[in-house]
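Trainee: this one's sequence-less:
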């Protein structure tokens, strides 16, 4: 290294690694760091999709399929651990799955509502 300093007048005397590089780690120190990463990544994906859809709409290009794929991409990776629960109008899981919403009709007082599925 001393030889390089003597022979090269433009030698970079800077630190080999920065404080930020030393503090970086591929592992999360706190669980909430992982959640923050996921949240900001989804926000970024959403912003990119919205910009693409807006651009295509301005140029009169059909975006219906892109909007469907957008919901698939943005909802991918949603995990409910054991003991968790989801409350939703309809849920579809797996490739090619579809879901239909059910409506509840109120009946006479005291009886249970029945479910009917829209076809």
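Mentor: Received, thanks. The shown structure was predicted, so the numbers you read here are calculated from the model rather than taken from an experiment.
Trainee: which SS class is residue 71?
Mentor: The three-state assignment at residue 71 reads helix, by DSSP: H, G, I helix; E, B strand; the rest coil.
Trainee: Around it, how many other residues sit close by?
Mentor: 10 (other CB atoms under 10 Å). Just so you know, the C-beta spots here come from the backbone N, C-alpha and C atoms, and that holds for glycine as well.
Trainee: got a list of what it touches?
Mentor: By CB atoms under 8 Å, 6 or more residues apart in numbering, the contact set of residue 71 is empty.
Trainee: Give me the pLDDT for it.
Mentor: We have a pLDDT of 79 for residue 71.
Trainee: ditto for residue 52
Mentor: Note for residue 52: predicted pLDDT of 93.
Trainee: Might one say that it is in contact with residue 67?
Mentor: No. The pair residue 52 / residue 67 is not scored as a contact, 10.2 Å apart, by CB atoms under 8 Å.
Trainee: And residue 70, how far from residue 57?
Mentor: 13 Å (CB to CB, to the nearest Å).
Trainee: Of those two, which one has the most company?
Mentor: Between residue 70 and residue 57, residue 70 has the larger neighbour count (other CB under 10 Å), namely 18 against 12.
Trainee: Show the contacting residues for the closest residue to the more buried one other than its chain neighbours.
Mentor: Excluding the flanking residues, the one nearest residue 70 by CB to CB, 6 or more residues apart in numbering is residue 49, at 4.6 Å. Contacts for residue 49 (CB under 8 Å, 6+ apart) come out as 66, 70, 73-74.
Trainee: Tell me where the protein has helices.
Mentor: 2-7, 19-23, 31-58, 64-75 (DSSP state H).
Trainee: Good, we can wrap up now.
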